[in-house]
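Chemist: Predicted coordinates and the sequence they were generated for:
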Amino acid sequence: MNLVFLGPPGAGKGTQAEVVCKHFDLKHISTGDLLREVVKNKSLMGEKVKEFMDKGLLVPDEIVVQIVSEEIKKNRKGFVLDGFPRNLAQAEFLNNSLSSLNICLDRVLNFVTSPEKIIERLSGRRICPKCQAIYHIKNMPPLKEGICDKCGSSLLQRDDDKEETIRERLKVYTQLSQPLIEYYRKKGILVDVNGDLEVQVLFEVIKGILQS
Ligand code: AMP
């Protein structure tokens, strides 16, 4: 099964992608996580990527497309693409590269959520820099404050989860998402899901969609 999760930052895509991948034994491909890895390497490319990410802007297509292409090629099971595509050019690229590998996209889940919910979620989000686990200071706190339950590392707030950058990221998403949603709706594989639901409740909804 090959899936795309679409939706604004903070809509719960990453959290659901983790649960869905575990349940269905799929590979979670998050372009945000992959780009953060590139930034960590402190290369020239990493510095360039960081400039875009810190401003809440999209990283240029040629960089992202290259990274995704490598991940898809080396993947031996199904996948959940989280955060990709983010514009029509990326969607066309995905379509062509999947066709050339004889792989089809089964479903695109469109996470719909309110801006207030997004701000609340993102400003309280904490991540583990080592194993990428996601927490929320109110809704999903770790057992010990500030420490990852899975690997014991200190949790961080992402630089782009500050309110001003969140607003910019939302603006960028709103401008580019509509044509993308239409693109997949026309293909008949898009399903809207309510990103405001509790993690476990939404997972049950998604399970129902994927098993139907
Ligand atoms: P995310 O973790 O998905 O919220 O992504 C964090 C940041 O990474 C975004 O604000 C962009 O700067 C960059 N990014 C992630 N995915 C993409 C993509 N498909 N195209 C361009 N930039 C991306």
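Modeler: Happy to help now that I have it.

Chemist: three-state assignment of I29?
Modeler: strand (DSSP: H, G, I helix; E, B strand; the rest coil).

Chemist: Look up which residues are beta-bridged to it.
Modeler: L81 (DSSP bridges).

Chemist: All the strands of this protein, in order from the start?
Modeler: 2-6, 27-30, 79-82, 107-112, 125-127, 134-136, 190-194 (DSSP state E).

Chemist: What would the last one look like as CSV? C-alpha coordinates only.
Modeler: As requested, C-alpha coordinates have been extracted for strand 190-194 and formatted as CSV (Å, rounded to 0.1, in the frame of the first residue of the first chain):
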residue,chain,number,x,y,z
LEU,A,190,-8.4,11.6,-2.4
VAL,A,191,-10.3,11.2,0.9
ASP,A,192,-10.8,14.0,3.4
VAL,A,193,-10.1,13.2,7.1
ASN,A,194,-10.8,15.4,10.1
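
Chemist: what angle separates it from strand 107-112?
Modeler: 40 degrees (axes from the mean of the first three to the mean of the last three C-alpha atoms, to 10 degrees).

Chemist: Could you check the angle strand 190-194 makes with strand 2-6?
Modeler: Using the same axes, to 10 degrees: strand 190-194 against strand 2-6 is 50 degrees.

Chemist: Which strands and helices lie in contact with strand 190-194?
Modeler: Counting by 3 or more C-beta pairs under 8 Å, 6 or more residues apart in numbering; DSSP states H and E, the packing neighbours recorded for strand 190-194 are strand 107-112, helix 199-211. For the C-beta atoms, the positions are set from N, CA and C on the backbone; glycine is no exception.

Chemist: chain center to it: distance?
Modeler: 15 Å (C-alpha atoms, centre = their mean, to the nearest Å).

Chemist: before we move on, back to that, adding distance to L88, write the strands of the chain out as CSV.
Modeler: What follows is the strands of the chain, written out as CSV (distance: least, C-beta to C-beta, whole Å):
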stretch, distance to L88
strand 2-6, 12
strand 27-30, 19
strand 79-82, 15
strand 107-112, 14
strand 125-127, 28
strand 134-136, 28
strand 190-194, 14
